[in-house]
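[1] From the sequence below, what's the structure:
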Amino acid sequence: MATPIESSICARPACTRGLLLAAAFALSACSVADNLSYDEIVAELDGIVTISGEGADRAIVYAENAPTSAWYMRMFWLLPIRAPLGWLFGVRHSGPIENPSGHVRDLLTELPDELDSDEVRCAQAVLRFGWIAELDANGNSRVVAFDGLVAAAERMGTAVFPPGFAEVLPATEGPDLAALRATVQAGRPEGRGGRMLSADEREAYRAALAGLVARPLSDWSHRLLLVQDLVEIVRAEGEGDLALVCRDALRTAVASCVRGVLTRSIVSRDPRLVEVRLCAMEHVRRLGGPEVVPWLLLVMSATPEQMARGEPRYDPSPLVQLRLVRYCGQLQGVLAERELVLPGRDNWQSLTPVDFLAQTILNDEGFYARLRVPAMAALTLSLGRPTFDPDPAWVREWFRERRRRA
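    Numbering: from 1, shown residues only. Next comes the predicted model:
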């Protein structure tokens, strides 16, 4: 038997029923972030997300009751009258949020679409994505944050993995860094109190800004806070030659920040965050190109301390290992045989991509046996062999001869 609501709908003319159903579909399909502007999304995010604590005790806190955009502010068919509706009934309404984390993910997913090439706006988005990517325990939220970080960096026109990035040592918190910070604080608009800088002061300010971002800061939170500080400096500088220097420093700091977030994610071996690592690896491979694969093999290998504890050389997840196999199989020639040594990690055992594939094939442990066939296919492609031979004997012979020549 039809309910009163069903009977009421069925009794209406067909065209009316169609309009009602279309409206119901539009309401149900509309995201909490649809048709919101950049400023509206950011205001809503900042009302829900809070960073609590200091240092290692920092954590993401989601408000369960906060102002959110009214439904009529998100409906595309109400765009022509959004402004008067907001003026009459309010742009946002306070109330409980059923799923704060999911609500924030919807906002973060929409945010990159509202960005342009403005450095300040993109860097502000990087900050919001960055805290979520580093602190949120929810893997889905971190994946959305990775996508947003990369999109914002690309909108800025900054290269996250520029040439020579692997040779850049992280900065250490020492007197030199403290002196650079002091010079920047003295030269920034708030520090100079409206007076004109002398030629020597301007040059010192320029040099300090460049020095501050020349090497990535060693702590992830310091990298985010540096971006935040540089955003404030750029906004205060306005226009002029000093503003251009500040904007260059901001772009470099954003690149270091995004690269650091992705790197910290791929070296984690938390079994609960495999999908997070896979997402980060895909971004690294796309942004860094084929040259980044030897770097991936090194930074994702176990540290000497981990090896001493008996941990496997590479991430124990078969999905992560398979992704590395695929990346290595895409290389040929010099890149396939490149062995990378990073500053500060001279004692780490590095592998070339072809050696990684060969060792994966020849490892008799049950875990690696599942990767043998895809690794053999990848090595066949990498070496340019004309046919695929499923017998690992040829790999054993090739590897023995390769080690003899080394």
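
[2] how many other residues sit next to residue 394?
    As a burial measure, residue 394 scores 15 neighbours (other C-beta atoms under 10 Å). Every C-beta, even on glycine, is put in place using the N, C-alpha and C of the backbone.

[3] element containing it?
    Residue 394 is part of helix 393-405, with elements assigned from DSSP states H and E.

[4] quick one: buried residues of that helix?
    395, 399 (16 or more other C-beta atoms under 10 Å).

[5] for stretch 126-142, same thing?
    Buried positions in stretch 126-142, judged by neighbour count with 16+ other C-beta under 10 Å: 126-136, 138-139, 141-142.

[6] Next, report how far the helix holding residue 394 is displaced from the centre of its chain.
    Remark: helix 393-405 is offset 39 Å from the chain centroid, using C-alpha atoms, centre = their mean, to the nearest Å.

[7] Would you mind writing the CA trace of it as PDB?
    Extracted in PDB, the C-alpha atoms of helix 393-405 (Å, rounded to 0.1, in the frame of the first residue of the first chain):
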ATOM      1  CA  ALA A 393      67.700 -19.500 -14.400                       C
ATOM      2  CA  TRP A 394      68.500 -16.800 -17.000                       C
ATOM      3  CA  VAL A 395      68.100 -14.100 -14.300                       C
ATOM      4  CA  ARG A 396      70.400 -16.000 -11.900                       C
ATOM      5  CA  GLU A 397      73.100 -16.300 -14.700                       C
ATOM      6  CA  TRP A 398      72.700 -12.700 -15.700                       C
ATOM      7  CA  PHE A 399      73.000 -11.500 -12.100                       C
ATOM      8  CA  ARG A 400      76.000 -13.600 -11.400                       C
ATOM      9  CA  GLU A 401      77.800 -12.200 -14.400                       C
ATOM     10  CA  ARG A 402      76.800  -8.700 -13.500                       C
ATOM     11  CA  ARG A 403      78.200  -9.000 -10.000                       C
ATOM     12  CA  ARG A 404      81.400 -10.600 -11.300                       C
ATOM     13  CA  ARG A 405      81.900  -7.500 -13.600                       C
END
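
[8] What is that helix packed up against?
    Using 3 or more C-beta pairs under 8 Å, 6 or more residues apart in numbering; DSSP states H and E, the elements in contact with helix 393-405 are helix 353-362, helix 372-383.

[9] which outside residues touch the shortest one?
    Among residues not part of helix 353-362, those counted as contacts by C-beta atoms under 8 Å, 6 or more residues apart in numbering are 293-294, 297, 321, 324-325, 327-329, 331, 335-339, 351, 368, 371-372, 375-376, 378-379, 382-383, 392, 395-396, 398-399, 402.

[10] buried stuff in that helix?
    Across helix 353-362, burial judged by 16+ other C-beta under 10 Å covers 353-361.

[11] farthest pair in the residues you listed?
    The span of these, defined through C-beta to C-beta, is set by 353 and 361 at 13.0 Å.

[12] what about the strands in the stretch 51-200 of the chain?
    59-62, 65-69, 92-96 (DSSP state E, counting those that start in this stretch).

[13] So which elements touch the first one?
    What it means is strand 59-62. Short answer (3+ C-beta pairs under 8 Å, 6+ apart): strand 59-62 packs on strand 49-52, helix 100-110, helix 119-135.

[14] That one pairs with which strands?
    Strand pairing for strand 59-62, determined by DSSP bridges: strand 49-52 (antiparallel).

[15] Contacts for the strand it pairs with next, please.
    Contact partners of strand 49-52, identified using C-beta under 8 Å, 6+ apart, comprise 58-63, 104, 128, 131-132, 135.

[16] hmm, try it at 6 Å
    58-59, 61, 131 (C-beta atoms under 6 Å, 6 or more residues apart in numbering).

[17] For that strand, list every residue counted as buried.
    residue 49.

[18] coming back round to it: mean pLDDT and distance to residue 111 added to the helices and strands packed on helix 393-405, as CSV?
    What follows is the helices and strands packed on helix 393-405, written out as CSV (pLDDT from 0 to 100; distance: least, C-beta to C-beta, whole Å):
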stretch, mean pLDDT, distance to residue 111
helix 353-362, 94, 36
helix 372-383, 95, 37
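
[19] Nearest to residue 161, out of the ones you listed?
    Across the helices and strands packed on helix 393-405, closest to residue 161 is helix 353-362 (C-beta to C-beta), at 17.1 Å.

[20] just the angle between the closest one and helix 393-405, please?
    Inter-element angle recorded for helix 353-362 and helix 393-405: 130 degrees (by axes from the mean of the first three to the mean of the last three C-alpha atoms, to 10 degrees).

[21] any idea which of the strands of the stretch 51-200 of the chain scores lowest on pLDDT?
    Among those, strand 92-96 carries the lowest mean pLDDT, a mean of 69.

[22] for the residue nearest the centre of the chain, what are its contacts?
    Closest residue to the average C-alpha location of the chain: residue 146 at 3.0 Å, with C-alpha atoms, centre = their mean. Contact analysis of residue 146 by C-beta under 6 Å, 6+ apart lists 133, 279-280, 283.

[23] 10 Å instead?
    Neighbouring residues of residue 146 by C-beta atoms under 10 Å, 6 or more residues apart in numbering: 129, 132-133, 258, 261-262, 265, 276, 279-280, 282-283.

[24] what do you get for residue 160?
    Contacts for residue 160 (C-beta under 10 Å, 6+ apart) come out as 149-150, 153-154, 254-262, 283-284, 286-288.

[25] what about residue 369, neighbour count?
    12.

[26] now swap in residue 387 and tell me
    Residues lying near residue 387 (other C-beta under 10 Å) number 5.

[27] Against residue 324, how distant is the closest residue to it other than its chain neighbours?
    Setting aside the residues directly before and after it, residue 387 is nearest to residue 380 in space (C-beta to C-beta, 6 or more residues apart in numbering), at 7.8 Å. Going from residue 380 to residue 324 by C-beta to C-beta, to the nearest Å gives 17 Å.

[28] and the gap between residue 58 and residue 238?
    On the measure of C-beta to C-beta, residue 58 and residue 238 end up 32 Å apart.

[29] Of these two, give the one with the bigger neighbour count.
    For the pair residue 58 and residue 238, the greater number of neighbours falls to residue 58 (13 against 10), based on other C-beta under 10 Å.

[30] That one and residue 100: what is the separation?
    18 Å.

[31] contacting residues for residue 279?
    Contacts of residue 279 (C-beta under 10 Å, 6+ apart): 139, 142-147, 262, 265-266, 273.
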